[in-house]
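Visitor: After the sequence you'll find the predicted model.
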Amino acid sequence: MKAVVCNAWGLPDTLVVQELPDPVPGPGQVALDVMAAGVNFPDVLIIQGEYQFKPELPFTPGSELSGVVRAVGEGVEQLKVGDKVIAFTAQGAFAQQIVVNAQACMPMPPGMDFDTAAAITLTYGTSHHAVVDRAALKAGETMLVLGAAGGVGLAAIEIGKALGARVIAAASSDEKLAVCREHGADATINYTTEDLREAIKTATGGKGPDVIYDPVGGIYAEPAFRSIGWRGRYLVVGFANGDIPKLPLNLTLLKGASLMGVFWGEFAKREPKANLAAMRELMGWLAAGKIKPRISGRYALADTAAALNDMAARKVTGKVVIQPGK
């Protein structure tokens, strides 16, 4: 089988496609034919050795996928050859085949296509954990989403609307904000052309948002946090801007506000039952049409570096996927 391999820490163009032996499942594992693999911003960081954890070299990046069971290991009873599944794994998704723990697989709902199945786990899982579990956003509250046209940002918008909240989307271009409105945003802010604090003040009638969802960091974090409402919850989701901000902690005191870290991967590992319940709620919303992953690009396995470069350059709206069979 063919797989994308990271042999040394570096930028996406250093990745290579190699022929590797077909993987064989061990006890409690299944082998899958990968039909689609979601691309996420952490993939860009992992191959450079700049993420929260470092895999041992060499490795195949990619953590979320959809596929078809090709073989089952000893003791696996809940899955059989031919089953269509969604899987989340630490690494290895950018390949034609993969072995994963059977417990890391979830049956694909009837009628779901492989691209959508590969695009829902990390982005929607992260945003559900952030918005529902950590911030406990309520109907009638207001949430500001920074970097709102990205995968987690659009997911946050849709989840906020599913909960009955008012959602303000902030992004770097009018084109991206148009996409945000398509996914339900009630108001928009272009933080390239508008003063962020003044725009938030105007959009919230001076009250500030109850929840701020921030996967961007950098220069936008402090003005956003200074604008938060009383008892506001600030969700630290990631740092797509590249810089980890340093916030004056007196701001939490002045606003009675909370800073909340969001690390979905660790949450899913430590609290698997809670994560499974979240996934079930997301699948229900998907079936009801309340959420709909936006697939803005599809790449062949050989073009994985191009997909990661587009992600790093923040050219992606919604999600892009790798299709290893092409």
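Guide: Nice, thanks for sending it over.
Visitor: and the gap between the nearest residue to Ala278 once chain neighbours are set aside and Lys292?
Guide: On the basis of C-beta to C-beta, 6 or more residues apart in numbering, the spatially nearest residue to Ala278 that is not a chain neighbour turns out to be His128, at 4.7 Å. Bear in mind the C-beta positions are built from the backbone N, C-alpha and C, glycine included. Look at His128 and Lys292: by C-beta to C-beta, to the nearest Å, they are 15 Å apart.
Visitor: Can you tell me how far the residue nearest to Ala278 is from Val320?
Guide: Computed as C-beta to C-beta, the His128 to Val320 distance reads 21 Å.
Visitor: got it, and Phe88?
Guide: Relative to Val320, Phe88 is positioned 17 Å away (C-beta to C-beta).
Visitor: what ranges of the stretch 201-326 of the chain fall below the confidence cut-off?
Guide: Residues of the stretch 201-326 of the chain meeting the criterion pLDDT under 70: none.
Visitor: SS state for Arg197?
Guide: Remark: Arg197 carries the secondary structure label helix [criterion: DSSP: H, G, I helix; E, B strand; the rest coil].
Visitor: Give me the most central residue, this protein.
Guide: Closest to where the C-alpha atoms of the chain average out (C-alpha atoms, centre = their mean) is Thr123, at 2.3 Å.
Visitor: Look at the residue nearest to Ala278 and say how many residues are nearby.
Guide: By the measure other C-beta atoms under 10 Å, the count of residues near His128 is 24.
Visitor: Does it lie in a helix or a strand, and which?
Guide: Assigned by DSSP states H and E, His128 belongs to helix 121-128.
Visitor: can you give me the helices in the stretch 51-200 of the chain?
Guide: In order along the chain, the stretch 51-200 of the chain carries the following helices (DSSP state H, counting those that start in this stretch): 114-118, 121-128, 151-162, 174-182, 196-203.
Visitor: Tell me how far the residue lying closest to Met108 once chain neighbours are set aside lies from Val16.
Guide: Excluding the flanking residues, the one nearest Met108 by C-beta to C-beta, 6+ apart is Lys84, at 4.2 Å. Applying C-beta to C-beta, the value for Lys84 to Val16 is 30 Å.
Visitor: Do I have it right that Thr14 meets Ala8?
Guide: Yes: taking contacts as C-beta atoms under 8 Å, Thr14 lies within contact range of Ala8: 6.5 Å.
Visitor: More neighbours: which of the two?
Guide: Set side by side, Thr14 and Ala8 give different neighbour counts by other C-beta under 10 Å, the larger being at Thr14 (13 against 10).
Visitor: State the distance from the residue nearest to Ala278 to Ala288.
Guide: As defined by C-beta to C-beta, His128 lies at a distance of 15 Å from Ala288.
Visitor: same thing with Gly140?
Guide: Where Ala288 is concerned, Gly140 sits at a distance of 21 Å (C-beta to C-beta).
Visitor: Kindly report the same for Glu182.
Guide: 18 Å.
Visitor: So between those two, which is more surrounded?
Guide: Shown here are Glu182 and Ala288; by other C-beta under 10 Å, Glu182 has more neighbours (13 against 9).
Visitor: and that one, how far is that from Thr317?
Guide: The gap separating Glu182 from Thr317 is 10 Å, by C-beta to C-beta.
Visitor: and if you look at Gly289?
Guide: Distance, Gly289 to Thr317, by C-beta to C-beta: 20 Å.
Visitor: Lys84 and Val16: which is more packed in?
Guide: More crowded of Lys84 and Val16, by other C-beta under 10 Å: Lys84, with 18 against 13.
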